[in-house]
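Engineer: Have a look; sequence and predicted model below, questions after that.
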Amino acid sequence: MNGNGDPLVWGVNPIPFNPDRGTLGTLDNAAAVQAVLDDFGVWAAVPTANISFTNAGALPVDVTVANYLSYLGVCGDGLSPIIFDTDGSITDDAFGPGASNDILGFASPECGSFVPPQIAEGVAVLNGKWIDGVDSPSNPEIPLADFKGVFVHEFGHYVNLDHSQINLVEGFDDDPSNDDAVATMFPFLATGTSTPHLDDQVAVSTLYPAASFASGFGTITGTIFRADGVTPFQGAYVIARQVGDPRLTAVGYASGARYFPSNTGGPPAPALRGLYEIPGLPAGSYTVEIEPVSHFFTDGSSVGPLDPPAALPGLPEFYNGANEAGTNPPDDPTQSVSLVVTAGATLGGINVVINGFPPAADACSAATVISTVPFTAGFDTSAATSVASDPLQSCTFGGPNRNGHSAWFTFTAPADMALRADTTGSGYDTVLTADTGSCGALTEIACNDDSSGLQSSLTFALGAGQTVVLEVASYNAGASDVLLFHLAQVLPCGATPLTGCRKPTASGDAPLKLTRTSTHERDLLLWKWMPGAATDLADFGDPVTGTDYTLCIYDDTADTPSLRLAVSAPAGEVCGARSCWRGTNSGFRYTDRSLTPNGIQKLQLEAGVAGRARINLKGKGALLRLPTLPFVQQSDVLVQLKNSAGQCWDAVYSAPASRNDAEGFLDQGD
């Protein structure tokens, strides 16, 4: 955007590009160039967009790590390079060693002017390391069909599209069957995003509209205000969803997306700061809602005009018509009104006033109910209070204390799960506790004062149907500010097992023992994966700070897989005054005598060549929540350990097992 709020667009049509002369992974040059043509064509095929592309001639050379700076970041040469980083070396050189294991590609407009707002040259770099036919911890691989989604995504940036977080839950879960609801421009790769979602089609048509875009579709516009109803708020994510088809007929927009007062060409109109504009809506009835931009979306994955994203100074909510206000009542954030959109018309003035700190959330007895995870909420807690009946928070620095400005949340688990709550991004010193029981008779199960700076983070486990009460307070009743609260499941097991995991090197090298007792205090889980397939130290990530681990046990894998057990060793977990995780010469070791959050006592990870890598896990006690035994007799049991760095290790146990009855399971593995 320029300072006047005008987006930069290509001044020519067709838009030129200059492909590399090299290879791209397993694709020879001709195949790579054809893939570029095909995937630019995906955007050209959007019926409401007036946009096309042309191959303006190959680059003069095969671009490599030795010469890429002669083409990347160079303006005025009349070239818009599409660089084939065949082995990831350019990506590593540009972003640091190992970056090629995370970054599949990057692209943007590269040269142009703010006045007039035009793009003159663009650039894209595609990382062929992901499609070179080698799948190893230091050389990850994805299917070519998924890499096609990377092409299409990056070419969206090439024409100046931002990221989208439409259908955030589907974008982050492990279920590929719902990825049709995820936009091509979602910041992270999801399966099937090579076909633009309606949100993508609207974005490209907004910049490069065909005549039918204005005449055949409707628009909703409005302003997002803070709770005072006067001050515009920049950085809320606004979504219009069609009643009857809310997943697929949905379009999002970040409020204030055209407000860049520091850019050349301004100053912008003040009204742009909180403005949202959602065109391209098929005729029908719609709801409008707001949510915060995910705190995961920063730097190269940012969404909207602000990086890092702004904390929403209130709860996510729907537009509520005549009741729209900054307080509840009259504005219940969960209630919506339907808006009728007609083709060729704009429905304006659909203003959302963000609810300030909800009075109900100030009391344990009326805590904010979290219906699904992941969940994010933010609001100004300076008006929040504490009362004498609020419990002491045991982990407060200096000793147990009843801290101030308390905010309350509650969540009931639909299944056994480990959860992480945190206040990362909040503007004050927080103390966070998780309790079970009822208000006035709460039992603390987890507490954290300072985890990341002055913010808090803790993990805990719930059984199916169990409810947790979460309290966030300001340390020692000090000043408070905007609270940003997150609750998410710790690396959940998928409904079906992962494929392509490392295996033991020989039959019988993965003994599994489960013992289930009447009181569950002596329940036991032992799993050894030793010796196993080659594993590099880098495969383990860094569980001391950021890599979660979860063990998943599936039954009936030869027929219909059924998840029977999930236990986690979260990253950054604290045991007493020390980290539960510590690094060793060959890997990492996790030790937790308290058995929280879900029963794992020890987890040892040792890297090594084939036949030398080892994993040893022990869990015990009631927090394991072992499944009812026996397992299904006629089919396989699969044990799979996975981490949030995308690596996994597993072993199969075919029937009949050495033992498989109501009190236990024992087998050595196939």
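Structural biologist: Yep, that arrived.
Engineer: Only C-alpha atoms from now on, for both contacts and neighbour counts.
Structural biologist: Will do.
Engineer: Which parts of the stretch 101-250 of the chain are helices?
Structural biologist: Using DSSP state H, counting those that start in this stretch, the helices found in the stretch 101-250 of the chain span residues 144-158, 168-172, 198-207, 211-216.
Engineer: Could you export those as JSON lines, including distance to Phe40?
Structural biologist: Formatted as JSON lines, the helices of the stretch 101-250 of the chain follow (distance: least, Cα to Cα, whole Å):
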{"stretch": "helix 144-158", "distance to Phe40": "6"}
{"stretch": "helix 168-172", "distance to Phe40": "23"}
{"stretch": "helix 198-207", "distance to Phe40": "12"}
{"stretch": "helix 211-216", "distance to Phe40": "20"}
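Engineer: To Asn4, which of those helices lies closest?
Structural biologist: Asn4 lies closest, by Cα to Cα, to one member of those: helix 198-207, at 15.6 Å.
Engineer: Just the angle for the closest one relative to helix 144-158, thanks.
Structural biologist: In terms of direction (axes from the mean of the first three to the mean of the last three Cα atoms, to 10 degrees), helix 198-207 departs from helix 144-158 by 30 degrees.
Engineer: For helix 198-207, report the contacting residues that lie outside it.
Structural biologist: With contact meaning Cα atoms under 8 Å, 6 or more residues apart in numbering, helix 198-207 is reached by 7, 9, 43, 46, 48-50, 156, 161, 164, 166, 183-185, 213, 248-252, 279-280.
Engineer: could you redo the last one with a cut-off of 7 Å?
Structural biologist: The contact list for helix 198-207 (Cα atoms under 7 Å, 6 or more residues apart in numbering) reads 9, 46, 48-49, 161, 183-185, 213, 249-252, 279-280.
Engineer: and these, which two are the farthest apart?
Structural biologist: Val9 and Thr249 (25.9 Å).
Engineer: Check what pLDDT Pro358 gets.
Structural biologist: pLDDT recorded at Pro358 is 61.
Engineer: who's in contact with the spatially closest residue to Thr515 that is not a sequence neighbour?
Structural biologist: Leaving aside its chain neighbours, Thr515 sits nearest to Gly664 (4.4 Å; criterion: Cα to Cα, 6 or more residues apart in numbering). Gly664 makes contact with 514-516, 629, according to Cα under 7 Å, 6+ apart.
Engineer: So which of these are in strands?
Structural biologist: 514-515 (DSSP state E).
Engineer: Which of the contacts of Gly664 has the largest number of neighbours?
Structural biologist: Neighbour counts for the contacts of Gly664 (other Cα atoms under 10 Å) peak at Arg516, which has 24 neighbours.
Engineer: I'd like to know how many residues surround Gly76.
Structural biologist: 9.
Engineer: what residues are up against Tyr253?
Structural biologist: Here Tyr253 is in contact with 237-239, 276-278 (criterion: Cα under 7 Å, 6+ apart).
Engineer: and of those residues, the nearest to Pro329?
Structural biologist: Val238 (22.0 Å).
Engineer: Leaving out sequence neighbours, find the closest residue to the closest one.
Structural biologist: Ile290 (4.5 Å).
Engineer: Which secondary structure elements does the helix or strand harbouring the one you found sit against?
Structural biologist: According to DSSP states H and E, Ile290 maps onto strand 284-292. Under the contact definition 3 or more Cα pairs under 7 Å, 6 or more residues apart in numbering; DSSP states H and E, strand 284-292 sits against strand 236-242, strand 317-318, strand 339-341.
Engineer: which one of those strands has the most crowded surroundings?
Structural biologist: Greatest average neighbour count among the helices and strands packed on strand 284-292 goes to strand 236-242 (a mean of 26), per mean count of other Cα atoms under 10 Å.
Engineer: who's in contact with that strand?
Structural biologist: So strand 236-242 is contacted by 249-255, 284-293, 312 (Cα under 7 Å, 6+ apart).
Engineer: The closest residue to Leu315 other than its chain neighbours bridge partners, please.
Structural biologist: Closest residue to Leu315 apart from its sequence neighbours, by Cα to Cα, 6+ apart: Ala377 at 5.3 Å. Legend: beta-bridge partners of Ala377 under DSSP bridges are Phe485.
Engineer: that older thread, beta-bridge partners for the residue nearest to Thr515, please?
Structural biologist: Where Gly664 sits in a bridge, its partners, by DSSP bridges, are Thr515, Asp661.
Engineer: And the pLDDT for the residue nearest to the spatial centre of the chain?
Structural biologist: Centroid-nearest residue in the chain: Phe172, 4.5 Å away (criterion: Cα atoms, centre = their mean). On pLDDT, Phe172 comes in at 82.
Engineer: residue contacts, it?
Structural biologist: Counting by Cα under 7 Å, 6+ apart, Phe172 makes contact with nothing.
Engineer: Also Phe217?
Structural biologist: 280-283, 342-344.
Engineer: Now flag whichever of the residues you listed is closest to Cys111.
Structural biologist: Among the contacts of Phe217, and counting by Cα to Cα, the member closest to Cys111 is Gly280, at 28.6 Å.
Engineer: Quick one: low-confidence residue ranges for the stretch 351-500 of the chain.
Structural biologist: 357-360 (pLDDT under 70).
Engineer: So Ala613 sits against Glu606, correct?
Structural biologist: Yes: applying Cα atoms under 7 Å as the test, Ala613 and Glu606 come out as touching, 5.5 Å apart.
Engineer: before we move on, the earlier item: could I get the contacts of Tyr253 as TSV with pLDDT and distance to Cys447?
Structural biologist: Shown next, in TSV, are these (pLDDT from 0 to 100; distance: Cα to Cα, whole Å):
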residue	pLDDT	distance to Cys447
Tyr237	97	31
Val238	98	34
Ile239	98	35
Tyr276	98	39
Glu277	98	42
Ile278	98	42
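Engineer: Which one of those residues is nearest to Thr459?
Structural biologist: Nearest member of the contacts of Tyr253 to Thr459, counting by Cα to Cα, is Tyr237, at 27.8 Å.
Engineer: ok, what's across the strand from the closest one?
Structural biologist: Ala254, Glu291.
Engineer: gap between it and Thr231?
Structural biologist: Going from Tyr237 to Thr231 by Cα to Cα, to the nearest Å gives 17 Å.
Engineer: go on, His157?
Structural biologist: 31 Å.
Engineer: And these two? Which one has more around it.
Structural biologist: Legend: neighbour count by other Cα under 10 Å for His157 and Thr231, higher for His157 (19 against 15).
Engineer: who's in contact with that one?
Structural biologist: So His157 contacts 107-108 (Cα under 7 Å, 6+ apart).
Engineer: Begin at 54 from now on, thanks
Structural biologist: Sure, I'll start numbering at 54, so the last one becomes His210.
Engineer: Show the model's pLDDT score for it.
Structural biologist: With respect to pLDDT, His210 has a value of 97.
Engineer: and the gap between it and Leu251?
Structural biologist: In terms of Cα to Cα, His210 sits 17 Å off from Leu251.
Engineer: Neighbours of the nearest residue to Asn373 once chain neighbours are set aside, how many?
Structural biologist: Leaving aside its sequence neighbours, Asn373 sits nearest to Ser389 (Cα to Cα, 6+ apart; 4.8 Å). By other Cα under 10 Å, the residues close to Ser389 number 19.
Engineer: and what of Thr496?
Structural biologist: With other Cα under 10 Å as criterion, Thr496 counts 15.
Engineer: Tell me the strands beside the helix or strand containing it, with direction?
Structural biologist: Secondary structure assignment for Thr496, by DSSP H and E: strand 494-501. Here strand 494-501 is paired, per DSSP bridges, with strand 483-491 (antiparallel).
Engineer: what separates the partner strand from the chain centre, distance-wise?
Structural biologist: 25 Å (Cα atoms, centre = their mean, to the nearest Å).
Engineer: likewise stretch 247-254?
Structural biologist: 19 Å.
Engineer: so how far is the first residue of that stretch from its last?
Structural biologist: 12 Å.
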